[in-house]
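**Student:** let's see this in three dimensions:
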Amino acid sequence: MEGDAGAPLEKEEFDLLKEILPHVWEDLSFEAQEIIQDQGVGYIDEDGDIVTSIVRGKDCVFTYYDENGVCKCAIEKAYREGKIGFYKPVSCYLYPIRVQKYKDFQAVNYHRWEVCKAARQLGKTKNVKIYQFLKEPLIRKFGKEWYEQLEIAAGELAKE
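**Tutor:** Residues are numbered from 1 along each chain as shown. Down below sits the predicted model:
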């Protein structure tokens, strides 16, 4: 949703988005299509990262609104319809977790903001932690062994 830059992309994802574009094109707004034609599916932001292009400082160019006005991802829609084999960029899949790359390590942080309040409440009610809810994207990004170590660490912290 709203922000000053689009979703962070890996170089391979940037290339994939260009490849899958014909399969999602019809779901994109006219404004998003114009932006993609003018500047492409993504760009290098002021931090030097590749990010998706955005519409009016708000929506990623790959969003669309369903008949109820709910904002959704055209990439995920095409994947679910069997049109493409790419689910979505890992930064989108991980959200609200953001990965910050540093010289010697990567920081995995939770981006807490009001939009996610209902999800936090549901997770609390169902006793599902963020790392549990995001198991699949965390494994996609860091691997199964990393996730298993995370579960061990979380279990140890829960004992305290």
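
**Student:** host element of the closest residue to Val41 other than its chain neighbours?
**Tutor:** Excluding the flanking residues, the one nearest Val41 by Cβ to Cβ, 6 or more residues apart in numbering is Leu17, at 4.3 Å. C-betas here are computed from N, CA, C, even on glycine. Assessed by DSSP states H and E, Leu17 sits inside helix 11-24.

**Student:** contacts for whatever helix or strand comes next after that helix next, please.
**Tutor:** Using DSSP H and E, the helix or strand that directly follows helix 11-24 along the chain is helix 30-39. With Cβ atoms under 8 Å, 6 or more residues apart in numbering as the test, helix 30-39 has contacts from Leu21, Trp25, Leu28, Ser53, Ile54, Val55, Arg56, Asp59, Val61, Phe62, Thr63.

**Student:** one more time with 7 Å
**Tutor:** Outside of helix 30-39, the residues within contact range by Cβ atoms under 7 Å, 6 or more residues apart in numbering are Trp25, Ser53, Val55, Val61.

**Student:** average pLDDT for the helix or strand just after it, rounded please.
**Tutor:** Going down the chain from helix 30-39, the next helix or strand is strand 42-44, by DSSP H and E. For strand 42-44, mean pLDDT is 92.

**Student:** return the distance of strand 42-44 from the chain's centre.
**Tutor:** Distance of strand 42-44 from its chain centroid, counting by Cα atoms, centre = their mean, to the nearest Å, is 15 Å.

**Student:** identify each buried residue in it, please.
**Tutor:** For strand 42-44, burial by neighbour count (16 or more other Cβ atoms under 10 Å) applies to Gly42, Tyr43.

**Student:** I'd like to know which elements that strand is packed against.
**Tutor:** Helices and strands touching strand 42-44, by 3 or more Cβ pairs under 7 Å, 6 or more residues apart in numbering; DSSP states H and E, are strand 50-52.

**Student:** what residue lies at the spatial centre of the protein?
**Tutor:** Cys92 (0.3 Å; Cα atoms, centre = their mean).

**Student:** contacting residues for that residue?
**Tutor:** Ala7, Cys73.
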